[in-house]
Each structure stands twice: as C-alpha cells, then as structure tokens.
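> Fold the following, please.
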Amino acid sequence: MAPKGRNILPNSHFHKDWKRMVKTWFNQPMRKKRRQNARAQKAIDIAPRPVGGMLRPVVRCPTQKYNTKLRSGRGFTLEELKSAGINKKVARSIGISVDVRRRNMSMESLQQNVQRLKQYKSKLILFPRKEGNPKKGEATAEELKLVKQLTGPILPITNTFKPEKARVPSADERKHNAFITLRQARVNAKLFGMREKKRKEAEEKDK
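This is a model prediction of the structure:
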C-alpha cells in the first residue's frame with residue numbers, strides 16, 4: 001500500500017537519463033522498404049520458379065480445439081509421393097517438399113494430399129535440361145514462351161469446415177452418456193489382450 005499523509009517520497013529516481021533508456025522505432029518504415037526490396041530481388045533470382053517456394057501438404061492443426069482447421073505442413077510423406085507416382089529424390093528437384101518423419105494417420109488426409117500432388121503435376125511446366133532438346137514430360141519451345149512466374153501461394157488452402165448450428169437434441173442424444181461410453185471403451189482397450197488370451201486358451205481346451 002502507498003504511504004498515507006504528506007511524508008517524504010521514499011528513494012525516488014527522478015534523474016535517470018530517459019533518452020538513453022528509451023527504445024525508438026524510427027527505422028520501421030525503412031525496414032519495411034528493405035524487406036519489400038529483398039522479396040522483389042528474391043523473385044528475380046529464383047525466376048521462373050514460383051515466388052511462394054515449394055509445394056506444401058495440407059495438414060490438420062493439433063488438439064481438439066483446432067483440429068477443424070487446415071494449414072500447410074512441412075512436407076509430403078513418402079506414402080503420398082508413392083501413391084502419386086513421384087520419386088522422393090525427384091520431388092525436391094521439381095518444387096515438392098518432402099518430410100520423411102510425418103506419417104499418414106487417416107486415409108482421408110492421404111487421398112487429399114495425393115490429389116494435391118496430382119493437381120500440381122498437371123499444372124507443372126518442366127524446363128528442358130538442354131535447350132531445343134526437350135525430353136518426355138518437359139516443355140516445348142512454344143510452351144516456354146507462355147511461362148509466367150507465379151507470385152501468389154501455390155494451390156492455396158481453403159478451410160471448408162462449417163460449425164453445426166444450435167438445435168434441440170433428440171431423445172436418443174439425451175439418453176446417451178458420453179462419460180460411460182468413453183469409460184467402457186477405455187476398459188475394453190485395456191483388457192483386450194487379456195480377453196483375447198483367455199479366448200484362445202478356451203478354444204485350445206475345446207479341441
């Protein structure tokens with residue numbers, strides 16, 4: 001609590017060098033300009049490759065709170081590349097990111113990213129290694145004249161999730177007890193091995 005009455009102020013620090021202590025941001029506009037110039041220069045350096053970098057997979061955010069949202073991941077799994085018919089070593093050379101650690105936990109995400117790879121492959125224009133001598137799958141001289149550098153994101157991700165509107169619960173939903181259902185599922189998972197062992201022993205005895 002603050003002291004009461006007209007007493008002397010305890011240990012006041014009113015003679016500090018404010019100008020030396022304060023931090024200013026007068027360089028903020030120039031930094032913005034510098035970043036803009038750096039982005040423009042990078043686009044020129046990597047042309048005709050896309051400005052957005054490499055193609056990234058669609059992944060779901062972790063935890064129940066955010067798992068309805070989609071975002072771009074680190075790289076495509078080896079299973080996704082195999083399903084799309086793309087070699088893992090060739091993938092990086094044609095602008096596809098690869099993540100050897102990620103695993104596909106559902107068939108839905110696998111199919112979604114395989115479809116994304118196929119869509120990218122259909123729009124991809126490969127420059128020939130030797131001018132005037134295009135190999136199979138590489139662009140011809142006429143196609144190269146029409147090439148433009150992609151400035152936006154590569155195959156942008158759109159969130160299509162729509163939350164369910166509030167409604168009156170049905171009679172079956174009112175009777176359903178989520179706690180009991182979860183507890184029963186947990187017990188069944190815990191005792192699965194023991195029950196399976198007992199079942200096999202019973203079958204052997206019957207023989």
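> Which pLDDT value goes with residue 46?
Residue 46 carries a pLDDT value of 91.
> How about the contacts made by it?
By CB atoms under 8 Å, 6 or more residues apart in numbering, no residues touch residue 46. Where C-beta positions appear, they are placed from N, C-alpha and C, glycine not excepted.
> For residue 154, see how far away it is.
According to CB to CB, to the nearest Å, residue 46 stands 13 Å off from residue 154.
> next one: residue 202
Per CB to CB, residue 202 is found 58 Å from residue 154.
> Export the longest helix belonging to the chain to CSV, keeping only CA atoms.
Looking across the chain with DSSP state H, the single longest helix is helix 28-46. Extracted as CSV, the C-alpha positions of helix 28-46 are listed here (Å, rounded to 0.1, in the frame of the first residue of the first chain):
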residue,chain,number,x,y,z
GLN,A,28,10.5,0.9,-39.1
PRO,A,29,9.4,2.5,-42.5
MET,A,30,12.9,1.9,-44.0
ARG,A,31,12.9,-1.7,-42.7
LYS,A,32,9.6,-2.3,-44.4
LYS,A,33,11.0,-0.9,-47.7
ARG,A,34,14.1,-3.1,-47.3
ARG,A,35,12.1,-6.2,-46.8
GLN,A,36,10.0,-5.3,-49.9
ASN,A,37,13.1,-4.9,-52.0
ALA,A,38,14.5,-8.2,-50.7
ARG,A,39,11.3,-10.0,-51.7
ALA,A,40,11.4,-8.4,-55.1
GLN,A,41,15.1,-9.4,-55.6
LYS,A,42,14.4,-13.0,-54.4
ALA,A,43,11.6,-13.3,-57.0
ILE,A,44,14.0,-12.2,-59.7
ASP,A,45,16.8,-14.6,-58.5
ILE,A,46,14.5,-17.7,-58.5
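> what's the following helix or strand after it?
For helix 28-46, the following helix or strand on the C-terminal side (DSSP states H and E) is strand 58-60.
> What is whichever helix or strand comes after that following strand packed up against?
Using DSSP H and E, the helix or strand that follows strand 58-60 towards the C-terminus is helix 63-66. Packed against helix 63-66, as judged by 3 or more CB pairs under 8 Å, 6 or more residues apart in numbering; DSSP states H and E, are no other helices or strands.
> List the contacts of helix 63-66.
Residues contacting helix 63-66 (CB under 8 Å, 6+ apart): none.
> What residues of it count as buried?
Buried residues in helix 63-66, defined by neighbour count with 16 or more other CB atoms under 10 Å: none.
> going on from it, what's the next piece of helix or strand?
Counting by DSSP H and E, what follows helix 63-66 is strand 70-72.
> In the sheet, which strands lie alongside that following strand, parallel or antiparallel?
Here strand 70-72 has these sheet partners by DSSP bridges: strand 58-60 (antiparallel).
> any idea of the mean pLDDT for the partner strand?
The model assigns strand 58-60 a mean pLDDT of 96.
> Tell me how far it lies from the chain's centre.
5 Å (CA atoms, centre = their mean, to the nearest Å).
> Neighbours of residue 195, how many?
11 (other CB atoms under 10 Å).
> Do a quick rundown of the helices in this structure.
18-21, 28-46, 63-66, 78-84, 88-93, 107-123, 141-145, 171-175, 178-190, 192-206.
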